[in-house]
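Asker: A structural model of the following input is requested.
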Amino acid sequence: MKLLLLNQFFLPDLSATARIAADLAEDLAAAGHEVTAVASRGSYLGGGRLPRRERHRGVEIVRLPATALGRGTLARRALDYASFHAAAAVALARLPRQDVVVALTTPPLAGAAALPVRALRGSRLVSWVQDLYPEVAVAMGALSRGSATARAMGAISRALLARSDRVVALGEAMRERCLSAGAAPERTVVLPNWADPAEIRPVPHAENPLRAELAAGAETLVLYSGNMGRAHDLATPLAAARRLRDRPGIAFLFVGDGARRGEVERAARELPNVRLAPYRPREALADSLSAGDLHLVTLAPELEGLVEPSKAYAAMAAGRPAVYVGPAGSEVARTLSAEGCGVAVANGDDAGLARAVAELAGDPGRRAEMGSRGRRATEERLGRAAATARFRTLLEALAPSPGAAHLRAE
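Answerer: Reported below is the predicted structural model:
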């Protein structure tokens, strides 16, 4: 089967969608499928000119000449999005016919570039919804609900979801949002994101080359790793850090970048227990994530069902408990509760978050048990191999071929 993955970012980019798309592409190629990834030559953080073409672990990577201004302002992001849409539409028309096109949502509504090849060439289209637009932009205040731009994006989104042969949502709340936005119930499925337990593994502090540097003397390191974007609640963790400022054994470390990094920088100048560090390369991810004792996962309340943070899966793979701050209906909250590998706190409940952090800081045995449960669930049911196998089954059923049937029989 010939498959194409469409996403603005791909390896070696550090973004979450680049990683998840690469995992799926590599595993599909390893299963014997012919896989092409179409991405931008730029990077998530801006700049960089990656090779136009290369082959990685059986995946043919085609990179397009779109702008790469970065995420500093909404205007820059909009220009990057528009240029990638245009380049992707041209590339899909020129590339050989694909049996299935899997389109992620970076940039928003990226799958619209695949609608012509679906109509003219009969390719099947899978919309893999990581963020639901324009609802996300409206919820974050980037667009007014009744604006011409929001209405136009809404019309495109409805057409895309309605015409997709499958819509993949990351949780039940997101599935309901997709149905409300025009997706067909019988073609909309839930496949949560994942982490790779072979890549992200628990590293004991005594063997971790990053622990001393990142903990900087703290006995309990509360780690937030990844994008500090508008979709994430950083106010509640920073307020909890303020409540715990006189607990010298507890420190909050924010690793990464994003639109709300400035809030963390200001807090770090004022609070001795708040620190920042840059992104770590992928090969150092296990050490970086294992350096924490607790992981923070957050989501703004207005984004319930529109975004699902993937940080919880990384924490589980690293064998660390997660403390989730966000709406109770998210897939993250459901997973942490079902697996017994974390706790949840409502948005704005900084007192409850401070109490949860202090209790877990004082109970290393409970932390270890919760971390073990998360790691075990990742290895047995929720990790990369099991998740991409479920995705592969969906794709093979969508575009059956003798080769796919042979692979299923094995």
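
Asker: Give the bridge partners for Val255, please.
Answerer: Beta-bridge partners recorded for Val255 (DSSP bridges): Ser225, Ala277.

Asker: I'd say it and Ser288 touch.
Answerer: Yes: the pair Val255 / Ser288 is scored as a contact, 6.4 Å apart, by CB atoms under 8 Å. Backbone N, C-alpha and C define where each C-beta goes, glycine included.

Asker: any common contacting residues for the two?
Answerer: Common neighbours of Val255 and Ser288, using CB atoms under 8 Å, 6 or more residues apart in numbering, are 214, 225, 280.

Asker: Please convert those residues to JSON lines, extending it with neighbour count, distance to Asp233 and pLDDT.
Answerer: Below are the shared contacts of Val255 and Ser288 laid out as JSON lines (neighbours: other CB atoms under 10 Å; distance: CB to CB, whole Å; pLDDT from 0 to 100):
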{"residue": "Leu214", "neighbour count": "21", "distance to Asp233": "22", "pLDDT": "96"}
{"residue": "Ser225", "neighbour count": "23", "distance to Asp233": "15", "pLDDT": "96"}
{"residue": "Arg280", "neighbour count": "19", "distance to Asp233": "23", "pLDDT": "88"}
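
Asker: Return the closest of these with respect to Phe10.
Answerer: Of all the shared contacts of Val255 and Ser288, Arg280 has the smallest distance to Phe10: 19.0 Å, by CB to CB.

Asker: residues contacting Ala322?
Answerer: Neighbour list for Ala322: 294-297, 311-312, 315-316, 332, 336, 341-343, 374 [criterion: CB under 8 Å, 6+ apart].

Asker: Just the buried residues from the residues you listed, in ChimeraX please.
Answerer: Applying 16 or more other CB atoms under 10 Å to those, the buried members can be selected in ChimeraX as follows:
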select :294,295,296,297,311,312,315,316,332,336,341,342,343,374
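
Asker: Which of the contacts of Ala322 fall in strands?
Answerer: 294-297, 342-343 (DSSP state E).

Asker: buried ones in whichever strand or helix holds Glu396?
Answerer: Here Glu396 sits within helix 384-398, counting by DSSP states H and E. Buried residues in helix 384-398, counted by 16+ other CB under 10 Å: 384, 387-388, 391-392, 395-396, 398.

Asker: Mind listing residues that contact it?
Answerer: 1, 3, 23-24, 27-28, 31, 33, 100, 102, 124, 126, 165-166, 168, 189, 191-199, 380, 404-405, 407-408.

Asker: hmm, which of those residues are the buried ones?
Answerer: Judged by 16+ other CB under 10 Å, buried ones among these: 1, 3, 23-24, 27-28, 31, 33, 100, 102, 124, 126, 165-166, 168, 191-197, 199, 404, 407.

Asker: circling back: would a markdown table of the shared contacts of Val255 and Ser288 with distance to Gln8 be doable?
Answerer: As requested, the shared contacts of Val255 and Ser288 are exported to a markdown table (distance: CB to CB, whole Å):
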| residue | distance to Gln8 |
| --- | --- |
| Leu214 | 30 |
| Ser225 | 21 |
| Arg280 | 22 |
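
Asker: This completes my enquiry, with thanks.
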